[in-house]
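[1] kindly return the folded structure for what I paste below:
(chains A and B)
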There are 2 protein chains.
Amino acid sequence: MKHPENNKKYKGLTVNAGVENLPSVNPYATFKRKKRTLEAEDYIRGIRSGDISILGQAVTLVESSLPADQEIAQRVIEKCLPYAGNSIRVGVTGVPGAGKSTFIEALGTELCKAGKHLAVLAIDPSSERSKGSILGDKTRMNELSTQANAFIRPSPSAGSLGGVARKTRETIVLCEAAGFDTILVETVGVGQSETAAHSMVDYFLLLQVTGTGDELQGIKRGIMEMADGIAINKCDGNNIERARAARVSFKNALMLFPPSASGWTPDTMCCSSIDHSGVMDVWKNIEKYIDFTKKNGYFMHHRTEQAKYWMYETINAALLNGFYQHPQMEELIAKAEQKVLNNELSSFIAAKELLDAYNKNKK
Amino acid sequence: MKHPENNKKYKGLTVNAGVENLPSVNPYATFKRKKRTLEAEDYIRGIRSGDISILGQAVTLVESSLPADQEIAQRVIEKCLPYAGNSIRVGVTGVPGAGKSTFIEALGTELCKAGKHLAVLAIDPSSERSKGSILGDKTRMNELSTQANAFIRPSPSAGSLGGVARKTRETIVLCEAAGFDTILVETVGVGQSETAAHSMVDYFLLLQVTGTGDELQGIKRGIMEMADGIAINKCDGNNIERARAARVSFKNALMLFPPSASGWTPDTMCCSSIDHSGVMDVWKNIEKYIDFTKKNGYFMHHRTEQAKYWMYETINAALLNGFYQHPQMEELIAKAEQKVLNNELSSFIAAKELLDAYNKNKK
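    Numbers count the residues shown, from 1 in each chain, chains lettered A, B, ... in the order given. Here you go, the predicted structure:
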């Protein structure tokens, strides 16, 4: 399998839109990079002052696969790290149709009204292809997107799940440094993205709806085992009775699982994204969980385990990107692949030759 | 998650057992490596002459994580490559209890009697932990292991699935160079190992039994989509009726899947590993598939796609192993991990520091 990071399109970066109020940069720089660019310090200052426009541009840098952008992005992340970590991070998953967007819209609006600073991020490796990506269309979150305290960012659209997840993880750092105290990470509900989201959130919420005929589908995928809470959405109108019945089914199903490492017993709740009933009860459950796990030590334990995971993830991504994004390698890789496909070269020798070329080029 | 390759125990290598008939090596070499060792040329000569003892020792080299061993192993593989490829490679999977070992024993014995040279390999990343590993106990294949034409090798026991699978893939090269024309790769039937096996075989056989209550479990795991054929095992004694009924169920279930890329329609068969009935019919189905896909071009297309996959797999493994197995890195990695776990260092900075140290050490 081709390393997916290598499939990315070269992405230009537009950072000069809406930055009139920032220190002007050397206009001659435009001859070099075509677009005026901010320095790492400008991003850091903007982020620390809570400037959402600068934050958005910094996230664009994080998502860029251009080495020059990545260099600035990594410097910005490093400087933001001391200010990161002070938020509640919640993963929200559910099958398509479970109403994730409307739920996040409802919960997010309530949280913003209660004074929270909310960042909504997403992990959806398929978003480039499917277009119908989660959070891809902010207009689906009409009310929330008008809240001054909210920052909504669609999923990074390019690359492997690991790459997409890493960018989302790094974006959390920037958002926290910008003062966001509540982070929601939405995922697509198809398995692997959940594992990725689970590696960066404190609480994992599974959204379910009734009447789709796949109420218990989450179980098959191993997602239910990850859930710290299950919310039965669309508990409104004619659906209330069914939603309540589903809640009981899920409650019973949850009992079949072994106790979780956190010592927490997942709750099942009913809510409606339409009339907002029960939505803040879900949030109270999240706060109860945070309180519970902070007291028994699991909260910090879990976060340090996640940090360990991200240390290795970052190393692995850097090692692979160093190879696949090396300017001299792209053509060599393509040629070698073609020879392998033409049966002119064995896979093992092709790999060896490419690695030799890489080690020589690097010096 | 720690890179799993890094978890391997340092493994000494014993290659001097049973090699009395080989050219003697410099006895002074024992002062350097403690054990006498063969040169790459000795392995290659032994393998090409069909010496199963040397083949076994070469496979041990392939499985070793010791850099010096890997260097010889890679040279041996490279020299064997021109003689590789002339075999039928078959993956055999099934849930525990499906009777994989007894089926392979039955089929393998028949094939050996028919003059085939059969190598039986395995992919089971859990084998080190579980001990009850597939092919771990050759005595389960009493009859087959006495056949002169058979080479049975348990799963490489250490490391990640990717690492284990790569070693099995490389072992196929050695076996083919040693003259084995039929390769069976057994896997544990738990999902990911199947994908790995699928990346190295021509035909993928799913073994099923009745009466376990999970006849259709393969479907859930996406394994059935991979199968080029399904054999209902244990079709003997009181079980014949049930096995035949199960065959119909599977036949119907298979119709629900979209046509495969090979253009082949998977068959369902019944067989008994006890009385060997139907076992050679399974083999005939495999030969029919090979014939069919060679004619329509899929056979070679599939093999070159696999070669491409292994080119990238080999590159990725080399890039990661270069880091995790670097002699100067082990201690640094352990220290950094500890600091991350103690919250003294962020994951991103720890990764950066380790990568900087690695790039400095390499020069």
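
[2] where in chain A is pLDDT low?
    Applying pLDDT under 70 to chain A picks out residues A:1-37, A:126-140, A:157-159, A:189-192, A:211-222, A:363.

[3] could you list the domains of it?
    For chain A, automatic domain parsing gives the domain ranges A:4-81, A:84-306, A:328-363.

[4] let's have those domains in a markdown table, adding mean neighbour count and distance to chain B.
    Where you see a C-beta, it was placed from the backbone N, CA and C, and this is true even at glycine. What follows is those, written out as a markdown table (neighbours: other Cβ atoms under 10 Å in any protein chain shown; distance: least, Cβ to the nearest Cβ, whole Å):
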| stretch | mean neighbour count | distance to chain B |
| --- | --- | --- |
| domain A:4-81 | 17 | 5 |
| domain A:84-306 | 19 | 5 |
| domain A:328-363 | 16 | 4 |
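
[5] make a markdown table from those and add distance to B:V279 to it.
    Output for those, formatted as a markdown table (distance: least, Cβ to Cβ, whole Å):
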| stretch | distance to B:V279 |
| --- | --- |
| domain A:4-81 | 41 |
| domain A:84-306 | 33 |
| domain A:328-363 | 33 |
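
[6] so which of those domains is nearest B:M300?
    domain A:328-363 (7.6 Å; Cβ to Cβ).

[7] residue closest to the middle of chain A?
    For chain A, the residue nearest the mean C-alpha position is A:T168 (3.5 Å; Cα atoms, centre = their mean).

[8] ok so it is a helix residue?
    Yes: if the criterion is DSSP: H, G, I helix; E, B strand; the rest coil, then A:T168 is within a helix.

[9] OK, contacts around it?
    Taking Cβ atoms under 8 Å, 6 or more residues apart in numbering or on different chains, we find A:T168 in contact with A:121-123, A:155-156, A:185, A:196, A:200.

[10] ok, these vs B:A68, which is closest?
    For the contacts of A:T168, the nearest to B:A68 is A:A196 (37.3 Å; Cβ to Cβ).

[11] I'd say the closest one and A:A122 touch.
    No: in terms of Cβ atoms under 8 Å, A:A196 does not count as a neighbour of A:A122; the distance is 11.2 Å.

[12] which residues do the two both contact?
    With Cβ under 8 Å, 6+ apart as the test, A:A196 and A:A122 both reach A:168, A:187.

[13] then stretch A:165-175 to PDB, C-alphas only?
    Taking C-alpha atoms only, stretch A:165-175 is exported to PDB below (Å, rounded to 0.1, in the frame of the first residue of the first chain):
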ATOM      1  CA  ALA A 165      -5.900  12.400  13.400                       C
ATOM      2  CA  ARG A 166      -2.500  13.900  14.200                       C
ATOM      3  CA  LYS A 167      -3.500  17.200  12.600                       C
ATOM      4  CA  THR A 168      -6.700  17.200  14.800                       C
ATOM      5  CA  ARG A 169      -4.600  16.400  17.800                       C
ATOM      6  CA  GLU A 170      -2.300  19.300  17.100                       C
ATOM      7  CA  THR A 171      -5.200  21.600  16.500                       C
ATOM      8  CA  ILE A 172      -6.400  20.800  20.000                       C
ATOM      9  CA  VAL A 173      -3.200  22.300  21.300                       C
ATOM     10  CA  LEU A 174      -3.700  25.500  19.400                       C
ATOM     11  CA  CYS A 175      -7.300  25.800  20.400                       C
END
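
[14] with just CA atoms, put the host helix or strand of A:Y289 into CSV.
    Using DSSP states H and E, A:Y289 sits in helix A:279-296. Output of helix A:279-296 as CSV, limited to C-alpha atoms (Å, rounded to 0.1, in the frame of the first residue of the first chain):
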residue,chain,number,x,y,z
VAL,A,279,-28.9,17.9,26.1
MET,A,280,-27.4,19.6,29.1
ASP,A,281,-28.0,16.4,31.1
VAL,A,282,-25.5,14.8,28.8
TRP,A,283,-23.1,17.5,29.6
LYS,A,284,-23.7,17.1,33.3
ASN,A,285,-22.8,13.4,32.9
ILE,A,286,-19.6,14.4,31.2
GLU,A,287,-18.7,16.8,34.0
LYS,A,288,-19.5,14.0,36.5
TYR,A,289,-17.2,11.7,34.7
ILE,A,290,-14.4,14.3,34.6
ASP,A,291,-14.9,14.8,38.4
PHE,A,292,-14.9,11.1,39.1
THR,A,293,-11.8,10.3,37.0
LYS,A,294,-9.9,13.3,38.4
LYS,A,295,-10.5,12.0,41.9
ASN,A,296,-9.5,8.4,41.2
